[in-house]
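J.: Output the structure for:
(4 chains)
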Protein chains: 2
Amino acid sequence: MTAPPPPPPAPPGRPMRADARRNYERLVQVATEAFLEHGADASLDDIAKRAGVGPGTLYRHFPVRQDLIDAVLQRWMASVLTEAEPLRVAADPVEALGMWLRRLVAHVQVFRGLSSALIPPEDKFKESSPAWVLHRTSEELLARAQESGEIRSDIDIKELMTLVSGVTWACDRGKEIDADRLIDLIMDGLRVRDRPDRPPVAGA
Amino acid sequence: MTAPPPPPPAPPGRPMRADARRNYERLVQVATEAFLEHGADASLDDIAKRAGVGPGTLYRHFPVRQDLIDAVLQRWMASVLTEAEPLRVAADPVEALGMWLRRLVAHVQVFRGLSSALIPPEDKFKESSPAWVLHRTSEELLARAQESGEIRSDIDIKELMTLVSGVTWACDRGKEIDADRLIDLIMDGLRVRDRPDRPPVAGA
DNA sequence: CGACGATACGGAGATACTCTCCGTTTATCA
DNA sequence: TGATAAACGGAGAGTATCTCCGTATCGTCG
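T.: Numbering: from 1, shown residues only, chains lettered A, B, ... in the order given. Sure, this is the predicted structure:
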């Protein structure tokens, strides 16, 4: 919606044929609307129809549903990552991490049933996938928060993202749940505790 | 598999006809195997076939998928609740809560994709549902832990169950995630903080 | 410009799943 | 044993996914 979208999959060989490219763009466009309206399990044939192409065309560009979801998220992600930028250098890295997670959840919840995009099946977890980019970004913010000494160091990004995606999933279903509160709770769990039984040589 | 299963839905009027009851039992039996093997989205027609009945019979007993899942869980739940019994009176109610949540997650993970059973759509959340019973049990353990003063009181069972079901869901997908660790993290978040705003300067 | 080869299109249809309708069968009880 | 309510079962409608292949279009080169 904002920036000029990058050439879709950018195959190393020849550029896409004009009609192919046109259809690709149109499909992603229509899919975005469909996912917003009906959630991530919108009918694919229907999307093809609304885009004015045959099902075959859709499945050639996006062999599995996740590919289409990824293409949609690719565009959407730009705005999310923009929000991360100032947080990278924020004065309070712990607060920055919390803020990032809250924003992330809010963004993911724009599409119903899209939480799964955060932790796709292992074999689809390539560098190109939006999930991977989000992991990397979150990882940086986590690392910085950990360096401050206020966040426990025995936690890795995979665990954190698992928790966060769990929150988005659960909030998708049970309405009336305040996702921000759950994120705050997780953040509390992440904080270093002054052990009640151990003489705290804490900090640094 | 252990206790004599209670009469299925126990309609107030007449008892079930013998053949109806037989089919009901058989369906639940076969469904259990199918869910174990293929996860919660196993084919219902296939279950009917394997149980030796027509699809119509299955759908008469279980109009929607969740009804069949609930029936399966009803039996399975007995063993889960048995585990809760000693925890109700455990010396350390906080540890008891943690243990319960860990066991709960472990149990739910026996079936793939069954996390949703923990937070069914609002309108199916009746007293008869396994999810409701689990909520009530968890609620008691949470309350006891809160009374000890070690667990924050500004958390309700709905939020906690949302978090927990999120963990089971996420662990279903991304393999190689240690659910117990995530539960422990949540438990840490639940604990009352002795130092709300100030990093420890020194002892205790 | 015209034609050829590669690329992409599109839609019919195979397959799978859910769920319903209704004629037939079976259990129960008098 | 016969009447009646209860339950069965399977054909089939509706919907979704995904494939195959004859046809159309693009891009390029002579």
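J.: anything in the longest helix along chain A near DNA strand C?
T.: In chain A, assigned by DSSP state H, the helix with the most residues is helix A:65-88. No. Applying C-beta under 7 Å from any atom of the strand, one finds helix A:65-88 separated from DNA strand C by no less than 13.8 Å. The way it works is simple: take the backbone N, C-alpha and C, and place the C-beta from them, glycine included.
J.: So for that helix, what gets flagged as buried?
T.: Buried positions in helix A:65-88, judged by neighbour count with 16 or more other C-beta atoms under 10 Å in any protein chain shown: A:66, A:68-77, A:80, A:84, A:87.
J.: which of the residues you listed sit farthest apart?
T.: The two members of those with the most space between them (C-beta to C-beta) are A:68 and A:87, at 29.4 Å.
J.: where in chain A is pLDDT low?
T.: A:1-13, A:120-124, A:194-204 (pLDDT under 70).
J.: Break it into its domains for me.
T.: Domain assignment for chain A by automatic domain parsing gives A:18-63, A:69-190.
J.: Count the residues that sit near the closest residue to residue A:83 other than its chain neighbours.
T.: In space, not counting the residues next to it along the chain, residue A:83 is nearest to residue A:103; the distance is 5.4 Å by C-beta to C-beta, 6 or more residues apart in numbering or on different chains. The tally of other residues near residue A:103 (other C-beta atoms under 10 Å in any protein chain shown) stands at 16.
J.: where do the helices sit along chain A?
T.: Counting by DSSP H, the helices of chain A are A:18-38, A:44-51, A:55-61, A:65-88, A:93-108, A:130-147, A:157-173, A:179-190.
J.: Single out the most deeply packed of these.
T.: helix A:157-173 (a mean of 24; mean count of other C-beta atoms under 10 Å in any protein chain shown).
J.: okay, it in PDB with CA atoms only?
T.: Provided in PDB are the C-alpha atoms of helix A:157-173 (Å, rounded to 0.1, in the frame of the first residue of the first chain):
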ATOM      1  CA  ILE A 157      14.200 -16.200  20.300                       C
ATOM      2  CA  LYS A 158      12.500 -19.400  19.200                       C
ATOM      3  CA  GLU A 159      10.900 -19.900  22.600                       C
ATOM      4  CA  LEU A 160       9.800 -16.300  22.800                       C
ATOM      5  CA  MET A 161       8.300 -16.300  19.300                       C
ATOM      6  CA  THR A 162       6.500 -19.600  20.200                       C
ATOM      7  CA  LEU A 163       5.000 -17.900  23.200                       C
ATOM      8  CA  VAL A 164       4.000 -14.800  21.300                       C
ATOM      9  CA  SER A 165       2.400 -16.700  18.400                       C
ATOM     10  CA  GLY A 166       0.600 -18.800  21.000                       C
ATOM     11  CA  VAL A 167      -0.900 -15.600  22.400                       C
ATOM     12  CA  THR A 168      -2.000 -14.400  19.000                       C
ATOM     13  CA  TRP A 169      -3.600 -17.700  18.200                       C
ATOM     14  CA  ALA A 170      -5.400 -17.900  21.500                       C
ATOM     15  CA  CYS A 171      -6.600 -14.400  21.200                       C
ATOM     16  CA  ASP A 172      -7.900 -15.100  17.800                       C
ATOM     17  CA  ARG A 173     -10.300 -17.600  19.200                       C
END
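J.: how far off helix A:93-108 does it point, in degrees?
T.: For helix A:157-173 against helix A:93-108, the angle by axes from the mean of the first three to the mean of the last three C-alpha atoms, to 10 degrees is 40 degrees.
J.: residues in contact with residue A:77?
T.: With contacts defined as C-beta atoms under 8 Å, 6 or more residues apart in numbering or on different chains, residue A:77 is in contact with A:130, A:133-134.
J.: Recalculate using a threshold of 7 Å.
T.: Taking C-beta atoms under 7 Å, 6 or more residues apart in numbering or on different chains as the criterion, residue A:77 is in contact with A:130, A:133.
J.: Same question for residue A:139.
T.: With C-beta under 7 Å, 6+ apart, residue A:139 has these contacts: residue A:157.
J.: do that again at 10 Å, thanks
T.: For residue A:139, the contact set (C-beta atoms under 10 Å, 6 or more residues apart in numbering or on different chains) comprises A:156-158, A:160-161.
J.: And residue A:40, by the same measure?
T.: Contacts of residue A:40 by C-beta under 10 Å, 6+ apart are A:31, A:34, A:65-66, A:68-69, A:72, A:111-117, A:172.
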